[in-house]
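> below: sequence and its predicted model.
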Amino acid sequence: MWRWIFVWLSSWCSVQAVAAAPEALSLAPLFGEHMVLQRDQPLQLWGRGTPGAELRLALAGREGRARVDAQGRWRVTLRPLPAGGPHELVVRSGSSSVRLADLWMGDVWLCGGQSNMAWPLSLSQGGADEVARSDVPLLRHLRVAEHAALQPQDDIPPAPWVVARPGASGDFTAVGWYFARRLQAAPGMAGVPIGLINVAWNASHLETWVRHDAALSDPDLAAAVRRMPASEAEFGALLKQRIEGLLARFQPGLAWPVADADGFAAGAYDDSAWPTLEVPRLWEEQGLPGLDGVVWFRKTVVLSAAQADGSAVLQLAKVDDCDDSYVNGQRVGGQCQWDAPRRYELRAGLLKEGRNVIAVRVNDTGGGGGFHGDAALVRLDTAAGPVPLAGPWKARVAAPLLQATPTANDGVSLAHNGMVHPLHGLKLRGVLWYQGESNTGRAAAYAGQFQRLITDWRAQFGQPALPFLFVQLSSVQPLARNDWQQSGWAELRDAQRQALVLPNTAMAVTLDVGDENDIHPRDKRTVGERLALQALHLADPRQPASRGPVLASARADGTRMVLTFDLSGLVTHPAGAPPTGFAVAGADRVFRPATARIDGARVIVSHPDVPQPVAVRYGWLDNPSQSNLFDAAGLPATPFRTDTWPLSTAGVRFEP
């Protein structure tokens, strides 16, 4: 009996020793030197330590105490502090201490979304010069590493807070940079530090940023949430199953992975059983959503003797991410840079009269995959002139990437779990959001989901009136693809606009700063500064109006439609040009480009083939860059439609 008591006591003591195992005193990785904390708000700080240990914390004259809980976590709340610094943060527990220097109180903006928010300052228009002269010590930036997780995480991966110094600001979010610089130039903002927390993820879907419990209460997402795997092993099995189904539909009867695909480059290879993909266009938009890995492309072109004579140049626009390019079985070049133009010199004698084969092995490591850019730059430049290569290419998936851990778009809440949940406890000045390009195929569902995300994020940060500023998607896609009858991009822009029903929200319209050949327009200054105008107006409604014309009413008047806007002084760009970007439809619901004229605060639109118009659309296109209605301050009108006819994306739901 005594032996069993001894064994029990030994086990109990062992368990207690494990439970109370000392852990190094630390702050959460979010907190670092050079950090900006939100002024005039209660301050929460947290970290880890030995369970049961007491600790003291001091910051700028504020002091707090806490006891480390059984899980080794602690949290302290301090009274608000005004703007200023630098401050030192000291945490002590027993003989251990942690010190952080150069902390400032200021305004903290959370910058979320996808690649246009993540886009670095160094690659923006004029960014190199901006980085070179970026001596702005009161502007700091934290880039949260991309991290998808099946369960909510306590901490972000370690990352530094970076002070804006010449040569050090290149990785700042460009939109956030220009936003902050415009704010700091505003009256009353001199000397107020700004901290940018960048949580954007390239090509991420809205659904990955939705909190798990909020998604469960969303009728559009609940089923997808319940199907989410609980472990990485289960995730891997489900991913393999999904890829198998995807490829069975895309390339039935074609095996994968291909052990030896070198023969795909040969001119004599028979690709007749391969399906086709349009080039240039990302394959996610063509039946391969969420696919990463290796895809081969082949294009057969017949050349005349004059075209085959001498040297030539092969241009392939841009390839995301890596390419190995071949002509008639000979490798002619390759590189790994998703946004770099591909241009390869072909030696004399490589081309031949008659049939020639161009083969490209594309390896996509994440996000969008395949060819993108200007279709005019997909061509073969020969001595006898250019040969266009844009259009359908034969394509075959050779080796899909079956990752062991999830990435952002593999399910609901994954980016939120890894990148937003660990920030809970911070107070913010507001949120900047630039996302939606990846949701254009599900635009109808986006309207409700985006509003629920805004409301839920405010609840998570304990700030129900938190300002939420977002960028309406810019113009993209070739003008030739525009279709007045349906546009997922237009429907997404309108879904974004609908979020303005929520208080303390604002939208920057960017139709005029897009790029038809690049989903990443380089003019981030205009975008950031328009967001800043919105922020200043929200903070003080006496500030100048921060948005362009907005439709107030529409009515039929015989053969024309009369549109009234919420301000007078409507103008067009270029000045004096007739208004463009309008379309009208009659009872047949067929929209036709309309002629228009400005009459004070009104625009009168009509079309000779629509004698009884009933509906008007403005800027309702994938690429509405030719829509030219502005206010006197140079801000573009918001796209709109007056009809309530069914959307082309109605009923489309998220399917990871």
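All right, it came through fine.

> in the strand or helix carrying Arg75, what's buried?
Following DSSP states H and E, one finds Arg75 within strand 73-78. By neighbour count on 16 or more other Cβ atoms under 10 Å, the buried set for strand 73-78 is 73-74, 76, 78. For every residue, glycine as well, the C-beta is placed using N, CA and C.

> can you redo those as a markdown table with distance to Ala465?
Putting the buried residues of strand 73-78 into a markdown table (distance: Cβ to Cβ, whole Å) gives the following:
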| residue | distance to Ala465 |
| --- | --- |
| Arg73 | 29 |
| Trp74 | 29 |
| Val76 | 25 |
| Leu78 | 22 |
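
> which SS class is Val162?
Using DSSP: H, G, I helix; E, B strand; the rest coil, the secondary structure recorded for Val162 is strand.

> for Ser204, that is, sorry about that
coil.

> cool, the one 10 residues further on as well?
Going by three-state DSSP, the secondary structure assigned to Ala214 is helix.

> shouldn't it be in contact with Trp457?
No - using Cβ atoms under 8 Å, Ala214 makes no contact with Trp457, being 9.0 Å away.

> Pro541 versus the residue nearest to Leu629 when sequence neighbours are not counted, what's the distance?
Closest residue to Leu629 apart from its sequence neighbours, by Cβ to Cβ, 6 or more residues apart in numbering: Ala637 at 4.1 Å. As for Ala637, its distance to Pro541 is 21 Å (criterion: Cβ to Cβ, to the nearest Å).

> ok, now Phe591?
36 Å.

> can I see the domain layout of the protein?
253-400, 551-641 (automatic domain parsing).

> wait, Gln626 sits on Gly581?
Yes - counting by Cβ under 8 Å, Gln626 does reach Gly581; the two are 6.0 Å apart.

> and the helices in the stretch 151-300 of the chain?
Ranges of helices in the stretch 151-300 of the chain, per DSSP state H, counting those that start in this stretch, are 174-184, 212-216, 222-226, 232-250.

> try the stretch 301-450 of the chain
Under DSSP H, counting those that start in this stretch, the stretch 301-450 of the chain gives helices at 305-308, 414-415, 443-460.

> in a strand, Arg530, correct?
No - counting by three-state DSSP, Arg530 falls outside a strand, being helix.

> please report how far it lies from Gln337.
Relative to Gln337, and taking Cβ to Cβ, Arg530 is found at 30 Å.

> tell me which of these two has more neighbours.
Between Arg530 and Gln337, Arg530 has the larger neighbour count (other Cβ atoms under 10 Å), namely 29 against 13.

> so what's the nearest residue to the more buried one once chain neighbours are set aside bridging to?
In space, and not counting its chain neighbours, Arg530 is closest to Ala508: 3.8 Å by Cβ to Cβ, 6+ apart. Going by DSSP bridges, Ala508 is paired in beta bridges with Val471.

> pull the contacting residues for Ala237.
By Cβ atoms under 8 Å, 6 or more residues apart in numbering, the contact list for Ala237 reads Pro229.

> sorry, back to before: more neighbours, Ala637 and Pro541?
Legend: neighbour count by other Cβ under 10 Å for Ala637 and Pro541, higher for Ala637 (24 against 9).

> which stretches of the stretch 351-500 of the chain aren't confidently modelled?
The model of the stretch 351-500 of the chain has no residue with pLDDT under 70.

> separation between Gln534 and Leu100?
Separation of Gln534 from Leu100 (Cβ to Cβ) stands at 33 Å.

> which one of the buried residues of strand 73-78 is nearest to Arg39?
Leu78 (12.4 Å; Cβ to Cβ).

> and that closest one, what is it in contact with?
Leu78 touches 42-45, 57, 59, 62-64, counting by Cβ under 8 Å, 6+ apart.

> out of the residues you listed, which are inside strands?
43-45, 57, 59, 62-64 (DSSP state E).

> buried residues, stretch 533-543. List them.
533-539.

> and the helices of the stretch 301-450 of the chain, which is most packed in?
helix 414-415 (a mean of 30; mean count of other Cβ atoms under 10 Å).

> chain center to it, what's the gap?
13 Å (Cα atoms, centre = their mean, to the nearest Å).

> wait, doesn't Pro578 sit right on Arg597?
Yes - contact criterion Cβ under 8 Å: Pro578 and Arg597 qualify, at 6.8 Å.

> the longest strand seen in the chain packs against which elements?
Longest strand in the chain by number of residues (criterion: DSSP E): strand 96-113. Packing contacts for strand 96-113, counted by 3 or more Cβ pairs under 8 Å, 6 or more residues apart in numbering; DSSP states H and E, involve strand 26-27, strand 36-38, strand 84-93, strand 136-143, helix 174-184, strand 194-198, strand 430-434.
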